[in-house]
Each structure stands twice: as structure tokens, then as C-alpha cells.
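heads up, no residue letters with this:
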């Protein structure tokens, strides 16, 4: 069996590696080709481009890289047609992958898309393009599956792989000890993002917010996991401007999950990290900044009340969201202080997150592999029941 996989960023590399492991467990003599990162390559993917090729953030920023992205997509189309896989799976990166999926499907190659675009939040008309582009869409969340069912798009709700990977009980103190952190002092984990633009837009703001929080909580310690060697270099340069933070900051290579488990609260950019913090059962503040033109366009396009996954899953505001002008160091520090000063509220949120975590544990990679094999064999998708608690919330 030949499977063509195209992932666009670090989160897609994690998902792709899990899918590949599940496919290998269910299918003998399987080959993988396309685009992926180190995890997918370790599972046997022959990657034609670096993962970062598709990691472009923002509407305006994409336009600057459009000629290169078009060239890459044309090459992948020719390569896939020559290789003749049984199925092509696009992992996230919908603006890039849906076009490629449509071209390959028209050429007779079955296609699936893993991770739903946010069509329920903005540009709902895209569901028509999705219906033309894929033989199945694999969703993490039940309200996403319900949306596609209403629009008669073949869909498999598989749950979330991160919910499967992460235990329902985690050890804050043991994790702190392993990282060499104080067991008694309060701890803030700071995750400004995995992309260069996120560090550029959020790095200084997050460190200034940490400075202000340290003024309120003198014994506060900080941990910052760097998503890559390049991000670490950028963070080290930023920290040089904040000498009062350096002696209380532990800068790590990776280990974002351990950083969040060890923490009392997390400051992060919106995205998969917010879901991971929820699955670590940690309170958080979500803050995000982007290019001004991108934000101006987003205000007219985005129709959802929330941007962070914990709030979207719960269908209510569980964690603060501070966007663009609202994401000031003063506001971020004030919201973070609440989690450090209100023990009862923080513990209640941790219990709520544990319940939400349990509802999303579905054996996602295995279910996704079953759906991909069904698409490759041109069979109907496996029937899956939505969890009642989350379906009702949606």
C-alpha cells in the first residue's frame, strides 16, 4: 500500500506520525511519501521538502510566498501521479492541501483530509470545495462532524490524538522535580508559539507581561520551552533585554508538555498549544497578535465567538482570550494573576478540563487509519457515535 502524506507544520508532523504508526499496525508492506517533519520521517516517510515549506502564518504573509507554494504544489501533483498511491492524505494546511487533494482526486487518486478547516467559524462556503476535493474528512471534534453531516460530506469523527496520548492523571510535583524546578514556588509556563512571526509579534509582549506578574508574585519562576533550535536562539536574544527575568527562567529545548504539566498556569498563543494545555488540565491565558492587515481582514471574516479550542469545545468562555490591541502586557499579567491568586477557581477549571479530556479520548490515530484504509479501498467510512456530552454542547 502506498500513502501520500502532506503535513504543513509541527502539529501536523505529530498527527502524521501517529497516523503512520496506526497504518503500519493495520497494513503490511506500506510506503509513505510526501512532506513531513522529523517525526514522520522517523516513521518512514520520504519527505520531498522541509516541513517549514508550508508553515506560513496569516493571510497577507501567504501572498508573499504564493509563487513558491504554487510551484511546490505543482511538483507534488506530478510526483503523486507518477508514484500512484492508493490514497493521498492532507494533514491540516487546508489552503494548500485542499487544492492538491482536488487535483489528485480528479486524477483518480482517492483523498482524505485530516483535521477539519474552521469552516464552521468562517467562510462556510468552503464546505462545497471540501466536498469536491475529498472522499472523506477526518475531524477531531463532534460539532465539526455534525456540521459536515448536515452538508452531506463524508466524515469520520476520530477524536483527538493528543487526548489519547496524554494521561488523565498527571504529576505536577514529579514533573517539576525532573526539570529541576522548585516544588514550592509558583510556576508560569510561557509558550509564545512555534513560528518565527509568533515570536516576533508575541515574544516581547509575553516577557513584559511576565515582568509585571513577577512584581506581584516575587517568588514566581518561569519556564519557556523552545519549539526548535531557531526559536531558542530568538528567545535567548529576547531574554537579553530582560535581565530581571533571566535568573528565574528555565529555557528548554522542546518539552512543552512537561512545562505545562509542571506549571500552575500557562501563557500561550492560540492554537494546538491551548488544546494541549487543556489536556494537561492547566489554567491558561490565551493571547495573540498578528500583522495589522491580517487582523483587519480577520475581523470581517471570522464569525465565531471564540478562538481558543478549550472555549470552542466547551461552547463557553473558560479561559481569557486577549487578541491584538487587547493583548497588552498589563492585561495579560492581570488575567494571569487571577489563576495564581484564586486557588479554588484554578482547581475547578482543572477538574473541568479533566472531564473534557476524557470525552475526547477515542483512539484517534487508529480510527483515522481505519478511515484512510476505507477511502483507499473505496469503501464506506466506519460508523462512529458522537459522545453525547460534547454533541449536546455543540
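Noted; the coordinates are in hand. Just so it is clear, the structure is predicted and the values come from calculations on it, not from any experiment.

which stretches of the stretch 251-394 of the chain form helices?
For the stretch 251-394 of the chain, helices defined by DSSP state H, counting those that start in this stretch occupy the ranges 256-262, 272-279, 292-301, 309-314, 329-341, 343-360, 364-376, 388-393.

could you dump those helices to a markdown table with distance to residue 166 and mean neighbour count?
To be clear about C-beta, it is placed using only N, CA and C from the backbone, and glycine gets the same treatment. Shown next, in a markdown table, are these (distance: least, Cβ to Cβ, whole Å; neighbours: other Cβ atoms under 10 Å):
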| stretch | distance to residue 166 | mean neighbour count |
| --- | --- | --- |
| helix 256-262 | 7 | 24 |
| helix 272-279 | 5 | 26 |
| helix 292-301 | 30 | 13 |
| helix 309-314 | 14 | 22 |
| helix 329-341 | 20 | 19 |
| helix 343-360 | 7 | 15 |
| helix 364-376 | 12 | 23 |
| helix 388-393 | 17 | 14 |
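
Quickly, which of these bottoms out on average pLDDT?
Least confidently modelled of these is helix 388-393, at a mean of 43 by mean pLDDT.

okay but residue 289 is in contact with residue 327, surely?
Yes. Using Cβ atoms under 8 Å, residue 289 is in contact with residue 327, at 5.5 Å.

so which of the helices of the stretch 251-394 of the chain comes closest to residue 104?
Closest to residue 104 of the helices of the stretch 251-394 of the chain is helix 364-376 (Cβ to Cβ; 12.2 Å).

ok, now which ones touch the residue most central in space within the chain?
Nearest residue to the geometric centre of the chain (Cα atoms, centre = their mean): residue 272, 2.5 Å. Shown in contact with residue 272 (Cβ atoms under 8 Å, 6 or more residues apart in numbering): 11, 162, 309.

any idea how far it lies from residue 71?
28 Å (Cβ to Cβ, to the nearest Å).

separation between residue 181 and residue 94?
For residue 181, the distance to residue 94 - Cβ to Cβ - is 38 Å.

Go ahead and confirm residue 318 touches residue 306.
No. If you go by Cβ under 8 Å, residue 318 and residue 306 don't touch, sitting 9.3 Å apart.

For the stretch 101-250 of the chain, give me the ranges with low pLDDT.
Counting by pLDDT under 70, the stretch 101-250 of the chain has low-confidence residues at 121-122.

again, only using 90
By pLDDT under 90, the low-scoring segments of the stretch 101-250 of the chain are 117-126, 141-147, 150, 160-162, 165, 193-201, 227-228, 244, 246.

can you pull out the helices in it?
Counting by DSSP H, counting those that start in this stretch, the helices of the stretch 101-250 of the chain are 126-133, 142-150, 161-165, 172-179, 196-216, 229-239, 243-246.

Which one, of the ones you listed, ends up nearest to residue 375?
Nearest of those to residue 375, taken as Cβ to Cβ: helix 126-133 at 12.7 Å.

re the thing from before, take the helices of the stretch 251-394 of the chain and write them to JSON lines, including distance to residue 76.
JSON lines is the format used below for these (distance: least, Cβ to Cβ, whole Å):
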{"stretch": "helix 256-262", "distance to residue 76": "30"}
{"stretch": "helix 272-279", "distance to residue 76": "24"}
{"stretch": "helix 292-301", "distance to residue 76": "26"}
{"stretch": "helix 309-314", "distance to residue 76": "29"}
{"stretch": "helix 329-341", "distance to residue 76": "40"}
{"stretch": "helix 343-360", "distance to residue 76": "31"}
{"stretch": "helix 364-376", "distance to residue 76": "18"}
{"stretch": "helix 388-393", "distance to residue 76": "35"}
